[in-house]
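**Student:** no sequence on this one, just coordinates:
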């Protein structure tokens with residue numbers, strides 16, 4: 001039985017796409033603050049949090065890393081090969097969802113320590129709706145809920161929040177900007193670790 005057969009019809013309307021390059025080689029900017037082992041364990045723990053937040057929704061992990069493939073398989077997630085960039089990985093996950101008859105995808109970065117229920121972003125019956133969640137600096141875009149079909153080009157990197165807003169509007173999507181701490185806080189810099197320690201998510 002495949003993972004998609006385990007879900008109910010409502011859950012089949014959407015999937016969560018999680019691009020993960022590697023647990024071992026990710027989060028290089030934290031290298032001065034954490035040991036290699038601690039950085040690996042943190043990356044895996046954050047990915048667990050994000051995958052758990054998918055709840056009933058199908059999960060698509062985009063990766064070519066053997067450890068991440070094993071982790072994904074154990075979680076009954078679908079795995080597709082990493083095409084090499086974050087933008088291309090998000091597009092690959094969206095294309096997979098469209099090809100399998102899903103209406104919408106939630107592309108989520110794998111480093112969201114407070115990620116909760118992604119299903120709360122969905123509004124059945126509004127297939128043209130696009131929810132864009134900026135990071136706390138209003139620069140990046142750690143989570144986006146976008147229709148699985150229609151013209152849309154992912155463009156991650158500096159300024160991705162504004163670019164995705166403009167692209168979604170040009171595509172004719174109904175854009176909703178949601179400023180949400182749980183889904184907008186990603187771990188990129190050593191300063192971010194202090195909040196994790198305050199929340200007792202990091203020793």
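**Tutor:** Nice, I can see it. Everything quoted here is computed from the prediction, not taken from an experiment. Numbering: from 1, shown residues only.
**Student:** what about residue 59, how many neighbours?
**Tutor:** Counted with other C-beta atoms under 10 Å, the neighbours of residue 59 add up to 25. Where you see a C-beta, it was placed from the backbone N, CA and C, and this is true even at glycine.
**Student:** Let's check: the centremost residue of this protein is which one?
**Tutor:** In the chain, the centroid-proximal residue (C-alpha atoms, centre = their mean) is residue 108; its distance is 1.2 Å.
**Student:** Dihedrals phi and psi, the residue nearest to that residue when sequence neighbours are not counted?
**Tutor:** The shortest distance from residue 108 to any non-neighbouring residue, by C-beta to C-beta, 6 or more residues apart in numbering, is to residue 143 (4.9 Å). Main-chain torsions, residue 143, degrees, to the nearest 10: phi -140, psi 130.
**Student:** thinking again about what came up before, list the contacts for the residue nearest to the centre of the chain?
**Tutor:** Residue 108 sits next to 16-18, 50, 53, 115, 118, 142-143, 183 when contact means C-beta atoms under 8 Å, 6 or more residues apart in numbering.
**Student:** mind redoing it with 7 Å?
**Tutor:** Residue 108 makes contact with 16, 18, 50, 115, 118, 142-143 under the criterion C-beta atoms under 7 Å, 6 or more residues apart in numbering.
**Student:** Mind putting the residues you listed into JSON lines with distance to residue 95?
**Tutor:** Output for the contacts of residue 108, formatted as JSON lines (distance: C-beta to C-beta, whole Å):
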{"residue": "16", "distance to residue 95": "15"}
{"residue": "18", "distance to residue 95": "15"}
{"residue": "50", "distance to residue 95": "21"}
{"residue": "115", "distance to residue 95": "23"}
{"residue": "118", "distance to residue 95": "19"}
{"residue": "142", "distance to residue 95": "21"}
{"residue": "143", "distance to residue 95": "19"}
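**Student:** any chance of those in a markdown table, plus pLDDT and neighbour count?
**Tutor:** Formatted as a markdown table, the contacts of residue 108 follow (pLDDT from 0 to 100; neighbours: other C-beta atoms under 10 Å):
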| residue | pLDDT | neighbour count |
| --- | --- | --- |
| 16 | 97 | 27 |
| 18 | 98 | 27 |
| 50 | 97 | 25 |
| 115 | 95 | 26 |
| 118 | 96 | 23 |
| 142 | 97 | 26 |
| 143 | 98 | 26 |
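**Student:** Return the helix or strand in the chain with minimum mean pLDDT.
**Tutor:** Sorting the helices and strands of the chain by mean pLDDT, DSSP states H and E puts helix 192-198 at the bottom, at a mean of 78.
**Student:** which residues does the residue nearest to residue 108 contact?
**Tutor:** Residue 143 makes contact with 106, 108, 133, 183, according to C-beta under 7 Å, 6+ apart.
**Student:** Buried ones in the least confident helix or strand of the chain, by neighbour count?
**Tutor:** 192-193, 196 (16 or more other C-beta atoms under 10 Å).
**Student:** chain center to it, what's the gap?
**Tutor:** With C-alpha atoms, centre = their mean, to the nearest Å as the basis, helix 192-198 stands 21 Å off its chain's centre.
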